[in-house]
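K.L.:
would you be able to build a 3D model of this:
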Amino acid sequence: MASLLYGAGWAGGLVLAVGIFTSILIALELGRTVWQWQVAAGREPETTGVSAVASAIFALLGLLIAFTFSGAASRFDMRRTLIVQEANDIGTAYLRLDLLPQPARGELQEIFRQYLDARLDAYRAVPDRKRVEAFLVRSDVLRERLWTRSVTESQRTASTTATMLLLPALNAAFDTASTRLAATREHPPGVIFGMLFALCWVGALFAGYGMASRSTRNWLHALFFVASLTATLYVIIDLEFPRLGLIRVDAFDQVLQEVRNGMR
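P.N.:
Have a look, this model is predicted:
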């Protein structure tokens, strides 16, 4: 799933939604076909037992949807919070470079600007994974240069103020960046999504079986049922990958961009 979304971005999400819709619709029709096959074979279709099983499946499906949706929404909020936190930490660390004398101050400020540019470029490059990784590697190199040079220059100053204030601020900015990167890769195990899709398909199978007692298809009910499940699954996936679909955190990058604009 992640490979599909990263490979094609928004278009990949659309393909995924169409695939989910089609597969659930097929499962619905398959349930109807099973009913018709039993009737054609002269057997009495099950009703009571099927209703009990279908109720249990849909109850379990509702529980799993609630669990995955809640987790996805929490992670989405956490990612937005981390963007703001990183912007605050970077702004604080950049201001504390003023504790260093020239020309080291100017050189470190320029490295810091390049570091933030690389961070911004990495997230703007999504879903191009190769470009994202290239920008992240560049930001790591600049981070090492920034830290090493800051430690060296702090030790050269006569006052300990730079060491006490600048280095912890830099460390906080770098830690938040690492936490934010880890948060973008934090998703439920694939088996959770597998169970969710499987329950949707099995539920659609039983729903199609139960709806087959009517002589004619009720397309309105069938399409509404399939569209509801598809929309729910798509929103959950969209929340898990908020830079690839309709639900996005890109607007919060403006906070980092404003910090970058203030680096003069």
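K.L.:
which elements pack onto the host helix or strand of Q36?
P.N.:
Using DSSP states H and E, Q36 falls within helix 10-40. Under the contact definition 3 or more C-beta pairs under 8 Å, 6 or more residues apart in numbering; DSSP states H and E, helix 10-40 sits against helix 2-8, helix 190-211, helix 219-240. Placement of C-beta: from N, CA and C, glycine included.
K.L.:
let's see it at 10 Å
P.N.:
Counting contacts by 3 or more C-beta pairs under 10 Å, 6 or more residues apart in numbering; DSSP states H and E, helix 10-40 packs against helix 2-8, helix 48-96, helix 190-211, helix 219-240.
K.L.:
any weak-confidence spans in the stretch 101-250 of the chain?
P.N.:
Along the stretch 101-250 of the chain, the parts satisfying pLDDT under 70 run over 214-215.
K.L.:
so which of the helices and strands packed on helix 10-40 comes closest to R264?
P.N.:
Comparing the helices and strands packed on helix 10-40 against R264 with C-beta to C-beta, the closest turns out to be helix 48-96 (10.3 Å).
K.L.:
so that closest one versus helix 190-211, what angle?
P.N.:
On the basis of axes from the mean of the first three to the mean of the last three C-alpha atoms, to 10 degrees, helix 48-96 is oriented at 150 degrees to helix 190-211.
K.L.:
next one: the very next helix or strand once past helix 48-96 to chain centre, how far?
P.N.:
As assigned by DSSP H and E, the chain's next helix or strand after helix 48-96 is helix 104-124. Distance of helix 104-124 from the chain centroid (C-alpha atoms, centre = their mean, to the nearest Å) equals 25 Å.
K.L.:
could you number the chain from 36 rather than 1 from now on?
P.N.:
All set: I'll call the first residue 36, so the last point we hit is now helix 139-159.
K.L.:
how big is the angle separating the helix or strand following helix 139-159 from helix 83-131?
P.N.:
Next in sequence after helix 139-159, counting helices and strands by DSSP H and E, comes helix 164-191. Helix 164-191 and helix 83-131 are oriented at 40 degrees to each other (the same axes, to 10 degrees).
K.L.:
distance between the helix or strand following helix 164-191 and the chain's centre?
P.N.:
The C-terminal neighbour of helix 164-191 among helices and strands, as given by DSSP H and E, is helix 196-219. Taking C-alpha atoms, centre = their mean, the mean C-alpha location of helix 196-219 is offset from the chain mean by 23 Å.
K.L.:
again, but for stretch 49-58
P.N.:
19 Å.
K.L.:
stretch 173-184 too?
P.N.:
The answer for stretch 173-184 is 27 Å, by C-alpha atoms, centre = their mean.
K.L.:
same question for stretch 231-239.
P.N.:
Taking mean C-alpha positions (C-alpha atoms, centre = their mean), stretch 231-239 and its chain are 22 Å apart.
K.L.:
CA atoms only: put it into CSV for me.
P.N.:
Extracted C-alpha coordinates of stretch 231-239, given in CSV (Å, rounded to 0.1, in the frame of the first residue of the first chain):
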residue,chain,number,x,y,z
LEU,A,231,-9.8,-4.4,7.9
PHE,A,232,-10.0,-5.1,4.2
ALA,A,233,-10.8,-8.7,4.8
LEU,A,234,-13.6,-7.9,7.1
CYS,A,235,-15.0,-5.4,4.6
TRP,A,236,-14.9,-8.0,1.9
VAL,A,237,-16.5,-10.8,4.0
GLY,A,238,-19.1,-8.3,5.3
ALA,A,239,-19.9,-7.4,1.7
